[in-house]
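In: test case, fold it:
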Amino acid sequence: MDNDNEAISLYWAPRKKRSHLVPAFVRNVKRRFWFFVLVVLLTLIFILMNTPYRLADSGLSHSTGASSSLDVSVSLPGDTWAKTANSTELSQATEANVNAAQDLETPAKPAATGTSTAAPPDSEYCTTWPVDSDGKYTPEPKPAKALSLDSFAPEGGWKKPNGLKVVAVVFYGRKRNVDILDCYLQQNMVSNGGYVDEVRYLVRTDKEDDVNWLKDFVEGKPKHNIVDLGDCTQTLHGCIWEHGIEIDTMFLKIDSDITYIHHDAVPQLVHTRLAQPHPLVISAQVINSPATGIQHGAIHPFLPDPSPRPTRPASASWRPSSLGPYPADAPGNPADLQPPYRGHPWLLALQAPPIGASPGRAAAAAAQQQYSLLYNLERNQMALYHFGRRLSFPSDQCNSYRGPGGEQLYDEQRERHEPKFAAVWGHDFAAVLPADDEAAMPPQRPDRPSVVDTRAVAAYLPQEVGRQTDLLDRWRAFANENVCSADNQKSPWDGRCEGF
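Out: Numbering: from 1, shown residues only. Reported below is the predicted structural model:
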């Protein structure tokens, strides 16, 4: 009997072992199966939740250069906008794409939170910076090391002569440009180690918005004042200069559209004025002036972006190198030089000659010179703008000044044009006033020439060029990075240009 039981136990033992293995395998399979199902469900939920946002974004993004569901083409003859949409692509668009297209059709309507709002088509300006739906810009951290530029200061550095009073006179017209100019004025104030004792604003506009901004801007700024011009606001410059002329003061006449001043320019101009008393006016080497047009080594062949709409994301960069070269296979005729869209950049054309400043091409030549200056700044080759020689005049024998200045001068041969940035003595202007000819302001004197100090480099941005291109944004970006203090960083004033 015992033997029989032992035999039965031996027979069933392997089967019992197998019967325990089967439930364990089933349990294993069930765990893996439900884990796999859970992963699949979570993945589907994630995809479904994010799909609407991707569809909506696809109709708004033009930053990669790839074709999108909405093709917007903008032209700007006379600051008018024209839009065209590809009907085939729109017919295939999702409802979210259509809503995005409607938002672009009415840019004044605020976009959803986190997106950008385009400037209205009839607005004078727009920005290519990444402003949000409220038009606000979040400044990027100021770089620890700014652009390194050579200085042409004398050995030992610049030293302002004792007893010399220097007053900057800003002919004020537009707040957007003066907001950038402010950083350069602050850099050159005596309180910051510069040469300028005081800044006076002579208002040359009747736009209430610009005038009110200047009043708020000057309030609380020491050594910054608005001069009451009385009836002279909209009259000729001769009337304006009759206000506040001080005999023993050196005045720096600065146009409000000056958007760049080299760090050596003010002291260089002051010392040249001291070294050269005979010329009536010592003008800076202002980019986009007659003197600059003859400097072929400093001017590079930039051409407007050949694309009909923006292909780059909104950015606060000033460097031309970030744009890449002008495409060799670009369609159309580059010589047309028509602005393709608002806020367009200009690209370096490696195989083309520079644009000549011929009649009808003044705006194009100005834009090319501005981009060339940014290019030369980026490459630290500002010496390209220096030319000319020392000039001698009979009255030099009576000058007791011994110091730097006047090393490289260009005699304008009594050409008649209004200097945008120049040094004049108060007693010289007092002697020639009153004057009523704005085109010859300062007044023409056959015995007192006007000369250009080519070592004192500055840039003048014409209003037309500032409206059509991204140059105002680029000069603001340059100032923020290299000139403005950390607590004086500048922001755009407007909504985004359409397509950015």
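In: I figured M382 hits L147, correct?
Out: No - if you go by CB atoms under 8 Å, M382 and L147 don't touch, sitting 11.0 Å apart. Just so you know, the C-beta spots here come from the backbone N, C-alpha and C atoms, and that holds for glycine as well.
In: more neighbours, the two?
Out: M382 (20 against 14; other CB atoms under 10 Å).
In: where exactly do the strands run in the chain?
Out: 166-172, 198-203, 224-227, 250-255, 258-261, 281-287, 302-304, 346-348, 409-411, 421-425, 450-460 (DSSP state E).
In: counting by contacts, list what the second one packs against.
Out: Going back to what we said before, that points to strand 198-203. On a contact count with 3 or more CB pairs under 8 Å, 6 or more residues apart in numbering; DSSP states H and E, strand 198-203 meets strand 166-172, helix 208-218, strand 224-227.
In: with distance to Y201 added, can I get those in TSV?
Out: Supplementary listing: the helices and strands packed on strand 198-203 in TSV, determined by distance: least, CB to CB, whole Å:
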stretch	distance to Y201
strand 166-172	5
helix 208-218	6
strand 224-227	5
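In: nearest to S395, of those?
Out: strand 166-172 (22.2 Å; CB to CB).
In: which parts of the closest one are buried?
Out: Neighbour counts over strand 166-172 (16 or more other CB atoms under 10 Å) mark V166, V167, A168, V169, V170, F171, Y172 as buried.
In: got the contact list for it?
Out: 160, 178, 181, 185, 188, 195-205, 210, 214, 237, 240, 246, 249-256, 270 (CB atoms under 8 Å, 6 or more residues apart in numbering).
In: ok, it: who's next to it in the sheet?
Out: strand 198-203 (parallel), strand 250-255 (parallel) (DSSP bridges).
In: direction-wise, compare the first one with helix 208-218 and give the angle.
Out: Between strand 198-203 and helix 208-218, the angle comes out at 170 degrees (axes from the mean of the first three to the mean of the last three CA atoms, to 10 degrees).
In: and strand 198-203, average pLDDT?
Out: Across strand 198-203, pLDDT averages out at 94.
In: who touches that strand?
Out: 165, 167-172, 185, 189, 211, 214, 218, 223-227, 229, 233, 240, 243-244.
In: pretty sure I245 is touching A430, no?
Out: Yes - if you go by CB under 8 Å, I245 and A430 touch, sitting 5.1 Å apart.
In: higher neighbour count, these two?
Out: For I245 versus A430, neighbours defined as other CB under 10 Å are more numerous around I245 (17 against 13).
In: about what we covered before: how about the helices and strands packed on strand 198-203, which one is nearest P449?
Out: strand 166-172 (21.6 Å).
In: with only the CA atoms kept, save the closest one in PDB.
Out: Output in PDB follows, covering the C-alpha atoms of strand 166-172 (Å, rounded to 0.1, in the frame of the first residue of the first chain):
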ATOM      1  CA  VAL A 166      30.300 121.700 -24.700                       C
ATOM      2  CA  VAL A 167      26.600 121.700 -25.300                       C
ATOM      3  CA  ALA A 168      24.800 119.100 -27.500                       C
ATOM      4  CA  VAL A 169      21.900 120.700 -29.400                       C
ATOM      5  CA  VAL A 170      19.500 118.100 -30.600                       C
ATOM      6  CA  PHE A 171      17.100 119.100 -33.400                       C
ATOM      7  CA  TYR A 172      14.200 117.000 -32.100                       C
END
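In: what angle separates that strand from strand 421-425?
Out: If you take the same axes, to 10 degrees, strand 166-172 sits at 130 degrees to strand 421-425.
In: so for strand 166-172, mean pLDDT?
Out: On average, strand 166-172 scores 95.
In: over to stretch 39-56?
Out: Mean predicted lDDT for stretch 39-56 stands at 55.
In: re earlier: now a ChimeraX select for only the buried ones of the contacts of strand 198-203.
Out: Restricted to buried positions by 16+ other CB under 10 Å, the ChimeraX selection for these reads:
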select :167,168,169,170,171,172,185,189,214,224,226,227,229,240,244
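In: isn't S151 up against H263?
Out: Yes - when contacts are counted by CB under 8 Å, S151 is listed as touching H263 (6.9 Å).
In: which of the two has more neighbours?
Out: Neighbour totals were compared for S151 and H263, and H263 leads with 19 against 11 (other CB under 10 Å).
In: what about the more buried one, distance to H386?
Out: 15 Å (CB to CB, to the nearest Å).
In: Y460 now?
Out: Counting by CB to CB, the gap from Y460 to H386 is 18 Å.
In: about what we covered before: so of the strands of the chain, which one's packed in deepest?
Out: Of all those, strand 281-287 has the most neighbours on average by mean count of other CB atoms under 10 Å, namely a mean of 28.
In: can you count the residues close to the residue nearest to G135 when sequence neighbours are not counted?
Out: Once flanking residues are discounted, G135 sits nearest to G495: 5.4 Å by CB to CB, 6 or more residues apart in numbering. When neighbours are defined as other CB under 10 Å, G495 has 25 of them.
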